[in-house]
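Visitor: coords please:
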Amino acid sequence: MITIVDYGAGNIGSVQRACMEIGVKSVVVNTPAGIQNAEKIIFPGIGAAPPAMDTLKRTGLAAALKQSFESGIPILGICIGAQVVLDSSEEGKTPCLSFIPGTTVRFKLRDKSLKIPHIGWNVVKVVQSHPLLEGIGKEDEFYFVHSYYLKPADSENIYAVTDYGGEFCSAIGQKNLFAVQFHPEKSGRLGLQMLNRFVGWDGRVPSKSTESRSR
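Guide: Purely as a prediction, here's the structure:
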(Lines give C-alpha, C1' and ligand atoms only; values in the text may rest on other atoms or scores of the structure.)
Protein backbone atom coordinates (compact mmCIF):
# COMPACT_ATOMS: atom_id res chain seq x y z
CA MET A 1 0.00 0.00 0.00
CA ILE A 2 1.30 3.43 -1.00
CA THR A 3 0.39 6.45 1.13
CA ILE A 4 0.06 9.65 -0.93
CA VAL A 5 0.33 12.88 1.06
CA ASP A 6 -2.27 15.53 0.17
CA TYR A 7 -1.32 18.98 1.46
CA GLY A 8 -3.22 21.04 -1.10
CA ALA A 9 -0.37 21.17 -3.62
CA GLY A 10 -2.23 19.31 -6.36
CA ASN A 11 -1.22 16.45 -8.66
CA ILE A 12 -2.79 13.82 -6.38
CA GLY A 13 -5.04 12.41 -9.11
CA SER A 14 -2.15 11.82 -11.51
CA VAL A 15 -0.17 9.97 -8.85
CA GLN A 16 -3.18 7.82 -7.93
CA ARG A 17 -3.80 6.92 -11.56
CA ALA A 18 -0.13 6.00 -12.00
CA CYS A 19 -0.35 3.71 -8.97
CA MET A 20 -3.42 2.06 -10.47
CA GLU A 21 -1.57 1.65 -13.76
CA ILE A 22 1.17 -0.40 -12.08
CA GLY A 23 -1.36 -2.39 -10.07
CA VAL A 24 -0.56 -1.10 -6.60
CA LYS A 25 -3.09 0.10 -4.04
CA SER A 26 -2.81 3.65 -2.73
CA VAL A 27 -4.50 5.80 -0.12
CA VAL A 28 -4.58 9.61 0.02
CA VAL A 29 -4.08 11.16 3.47
CA ASN A 30 -4.12 14.76 4.69
CA THR A 31 -3.60 14.32 8.43
CA PRO A 32 -0.61 13.27 10.59
CA ALA A 33 -2.61 10.23 11.77
CA GLY A 34 -2.89 9.09 8.16
CA ILE A 35 0.89 9.00 7.82
CA GLN A 36 1.65 7.19 11.08
CA ASN A 37 1.18 3.65 9.78
CA ALA A 38 2.42 4.24 6.24
CA GLU A 39 4.57 1.53 4.67
CA LYS A 40 5.75 3.76 1.80
CA ILE A 41 5.07 7.44 1.18
CA ILE A 42 4.78 9.45 -2.03
CA PHE A 43 5.12 13.16 -1.34
CA PRO A 44 4.05 14.92 -4.58
CA GLY A 45 3.16 18.48 -5.42
CA ILE A 46 2.74 21.25 -7.98
CA GLY A 47 2.70 24.91 -7.06
CA ALA A 48 4.70 27.20 -4.81
CA ALA A 49 6.86 26.53 -1.76
CA PRO A 50 5.40 29.19 0.63
CA PRO A 51 1.78 27.93 0.70
CA ALA A 52 2.98 24.32 0.61
CA MET A 53 5.15 24.78 3.71
CA ASP A 54 2.45 26.80 5.44
CA THR A 55 -0.02 23.93 5.04
CA LEU A 56 2.51 21.27 6.03
CA LYS A 57 3.38 23.07 9.26
CA ARG A 58 -0.16 24.18 10.13
CA THR A 59 -1.63 20.69 9.73
CA GLY A 60 1.19 18.84 11.51
CA LEU A 61 2.08 16.96 8.32
CA ALA A 62 5.62 18.38 8.41
CA ALA A 63 6.30 16.81 11.81
CA ALA A 64 4.67 13.53 10.74
CA LEU A 65 6.82 13.36 7.60
CA LYS A 66 9.94 14.04 9.66
CA GLN A 67 9.05 11.18 12.00
CA SER A 68 8.53 8.86 9.02
CA PHE A 69 11.84 9.90 7.50
CA GLU A 70 13.70 9.35 10.75
CA SER A 71 11.96 5.98 11.18
CA GLY A 72 13.31 4.73 7.84
CA ILE A 73 10.02 4.67 5.90
CA PRO A 74 10.76 4.84 2.13
CA ILE A 75 9.71 8.27 0.82
CA LEU A 76 9.53 9.51 -2.77
CA GLY A 77 9.34 13.29 -3.20
CA ILE A 78 8.11 14.72 -6.51
CA CYS A 79 8.52 18.33 -7.77
CA ILE A 80 7.44 20.62 -4.88
CA GLY A 81 7.62 17.53 -2.69
CA ALA A 82 11.30 17.31 -3.69
CA GLN A 83 12.07 21.01 -3.33
CA VAL A 84 10.79 21.37 0.22
CA VAL A 85 12.84 18.47 1.63
CA LEU A 86 15.83 20.84 1.50
CA ASP A 87 16.55 23.53 4.12
CA SER A 88 14.97 26.43 2.26
CA SER A 89 13.62 27.78 -1.01
CA GLU A 90 14.41 31.06 -2.74
CA GLU A 91 10.71 31.16 -3.57
CA GLY A 92 9.46 33.54 -0.90
CA LYS A 93 12.64 32.90 1.13
CA THR A 94 10.82 29.96 2.65
CA PRO A 95 12.23 27.74 5.43
CA CYS A 96 11.58 24.11 4.49
CA LEU A 97 11.80 20.62 6.00
CA SER A 98 15.61 20.24 6.25
CA PHE A 99 15.68 16.49 5.54
CA ILE A 100 18.63 17.09 3.19
CA PRO A 101 20.96 20.12 3.53
CA GLY A 102 20.61 22.59 0.69
CA THR A 103 18.27 25.05 -0.95
CA THR A 104 15.96 25.39 -3.94
CA VAL A 105 16.96 28.15 -6.34
CA ARG A 106 15.33 29.87 -9.32
CA PHE A 107 16.63 29.41 -12.84
CA LYS A 108 18.87 32.25 -13.99
CA LEU A 109 19.21 31.54 -17.69
CA ARG A 110 21.61 33.37 -19.99
CA ASP A 111 20.02 31.81 -23.07
CA LYS A 112 16.95 34.02 -23.57
CA SER A 113 15.44 31.53 -26.01
CA LEU A 114 14.78 29.22 -23.06
CA LYS A 115 11.60 29.88 -21.14
CA ILE A 116 10.85 29.84 -17.43
CA PRO A 117 9.13 27.75 -16.25
CA HIS A 118 10.94 24.82 -17.80
CA ILE A 119 8.13 22.72 -19.26
CA GLY A 120 8.52 19.54 -21.25
CA TRP A 121 10.59 16.44 -21.74
CA ASN A 122 14.29 16.39 -20.97
CA VAL A 123 17.08 13.86 -20.51
CA VAL A 124 17.80 12.73 -16.95
CA LYS A 125 21.48 11.81 -16.64
CA VAL A 126 22.26 9.40 -13.82
CA VAL A 127 25.47 10.40 -12.01
CA GLN A 128 25.21 8.07 -9.04
CA SER A 129 23.55 4.66 -8.89
CA HIS A 130 20.34 4.26 -6.93
CA PRO A 131 17.71 1.48 -6.85
CA LEU A 132 15.06 3.85 -8.24
CA LEU A 133 17.24 4.83 -11.20
CA GLU A 134 18.12 1.33 -12.38
CA GLY A 135 17.74 0.81 -16.10
CA ILE A 136 17.61 4.49 -17.09
CA GLY A 137 19.51 4.99 -20.34
CA LYS A 138 21.67 7.89 -21.49
CA GLU A 139 18.93 9.36 -23.70
CA ASP A 140 15.91 8.62 -21.52
CA GLU A 141 13.64 11.63 -20.97
CA PHE A 142 11.21 12.56 -18.19
CA TYR A 143 8.60 15.30 -17.93
CA PHE A 144 9.37 18.57 -16.11
CA VAL A 145 7.31 21.59 -15.01
CA HIS A 146 9.24 23.99 -12.76
CA SER A 147 10.86 27.40 -12.31
CA TYR A 148 13.09 26.38 -9.39
CA TYR A 149 15.52 23.51 -9.03
CA LEU A 150 17.29 21.51 -6.34
CA LYS A 151 20.68 22.62 -5.05
CA PRO A 152 21.86 20.30 -2.26
CA ALA A 153 24.78 21.46 -0.13
CA ASP A 154 26.69 18.20 -0.67
CA SER A 155 27.22 16.71 -4.13
CA GLU A 156 27.01 13.27 -2.51
CA ASN A 157 23.24 13.78 -2.38
CA ILE A 158 23.00 14.32 -6.17
CA TYR A 159 21.83 11.25 -8.09
CA ALA A 160 20.85 12.73 -11.46
CA VAL A 161 21.26 15.94 -13.42
CA THR A 162 19.54 17.56 -16.41
CA ASP A 163 20.67 20.20 -18.89
CA TYR A 164 18.49 23.28 -19.38
CA GLY A 165 20.70 26.24 -20.22
CA GLY A 166 23.27 24.53 -18.02
CA GLU A 167 23.30 21.47 -15.82
CA PHE A 168 21.03 21.36 -12.77
CA CYS A 169 20.28 18.69 -10.18
CA SER A 170 17.13 16.72 -11.02
CA ALA A 171 17.27 13.92 -8.40
CA ILE A 172 18.52 13.84 -4.84
CA GLY A 173 18.59 11.27 -2.10
CA GLN A 174 19.58 10.49 1.44
CA LYS A 175 19.02 7.15 3.17
CA ASN A 176 15.34 6.21 2.79
CA LEU A 177 14.40 9.45 0.99
CA PHE A 178 14.61 9.88 -2.78
CA ALA A 179 13.27 13.00 -4.50
CA VAL A 180 12.98 14.06 -8.14
CA GLN A 181 12.34 17.41 -9.81
CA PHE A 182 10.57 15.73 -12.74
CA HIS A 183 7.19 13.98 -12.71
CA PRO A 184 7.45 10.18 -12.99
CA GLU A 185 3.65 9.94 -12.87
CA LYS A 186 3.52 12.00 -16.10
CA SER A 187 6.55 10.41 -17.79
CA GLY A 188 4.95 7.44 -19.50
CA ARG A 189 6.55 4.01 -19.41
CA LEU A 190 9.82 5.16 -17.83
CA GLY A 191 8.03 7.00 -15.06
CA LEU A 192 5.80 4.02 -14.30
CA GLN A 193 8.89 1.81 -14.14
CA MET A 194 10.41 4.17 -11.57
CA LEU A 195 7.24 4.11 -9.48
CA ASN A 196 7.23 0.33 -9.68
CA ARG A 197 10.82 0.25 -8.43
CA PHE A 198 9.77 2.48 -5.54
CA VAL A 199 7.06 -0.05 -4.63
CA GLY A 200 9.75 -2.71 -4.27
CA TRP A 201 12.33 -0.47 -2.55
CA ASP A 202 13.10 -1.16 1.11
CA GLY A 203 14.65 2.26 1.70
CA ARG A 204 18.23 1.04 1.66
CA VAL A 205 20.89 2.36 -0.70
CA PRO A 206 23.94 0.27 -1.66
CA SER A 207 27.40 1.62 -0.91
CA LYS A 208 28.47 4.37 -3.29
CA SER A 209 30.52 3.19 -6.23
CA THR A 210 33.41 5.07 -7.80
CA GLU A 211 31.86 4.86 -11.27
CA SER A 212 28.94 7.03 -10.17
CA ARG A 213 31.13 10.12 -9.75
CA SER A 214 32.43 10.34 -13.33
CA ARG A 215 30.67 13.62 -14.07
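Visitor: and the host helix or strand of Ala64, what other elements does it pack with?
Guide: Assigned by DSSP states H and E, Ala64 belongs to helix 61-71. Counting contacts by 3 or more Cβ pairs under 8 Å, 6 or more residues apart in numbering; DSSP states H and E, helix 61-71 is packed against helix 32-36, strand 40-43, helix 49-59, strand 75-78. Just so you know, the C-beta spots here come from the backbone N, C-alpha and C atoms, and that holds for glycine as well.
Visitor: go with 10 Å
Guide: Counting contacts by 3 or more Cβ pairs under 10 Å, 6 or more residues apart in numbering; DSSP states H and E, helix 61-71 is packed against strand 2-5, helix 32-36, strand 40-43, helix 49-59, strand 75-78, strand 177-180.
Visitor: next one: that helix to chain centre, how far?
Guide: On the basis of Cα atoms, centre = their mean, to the nearest Å, helix 61-71 is displaced by 16 Å from the centre of the chain it belongs to.
Visitor: Asn11: which of the helices and strands packed on helix 61-71 is closest?
Guide: strand 75-78 (7.4 Å; Cβ to Cβ).
Visitor: show me what that closest one is packed up against.
Guide: Strand 75-78 packs on strand 2-5, helix 12-21, strand 40-43, helix 61-71, helix 80-83, strand 167-174, strand 177-180, helix 188-200, going by 3+ Cβ pairs under 10 Å, 6+ apart.
Visitor: so for the third one, what gets flagged as buried?
Guide: Which is strand 40-43. Lys40, Ile41, Ile42, Phe43 (16 or more other Cβ atoms under 10 Å).
Visitor: thank you kindly, that will do.
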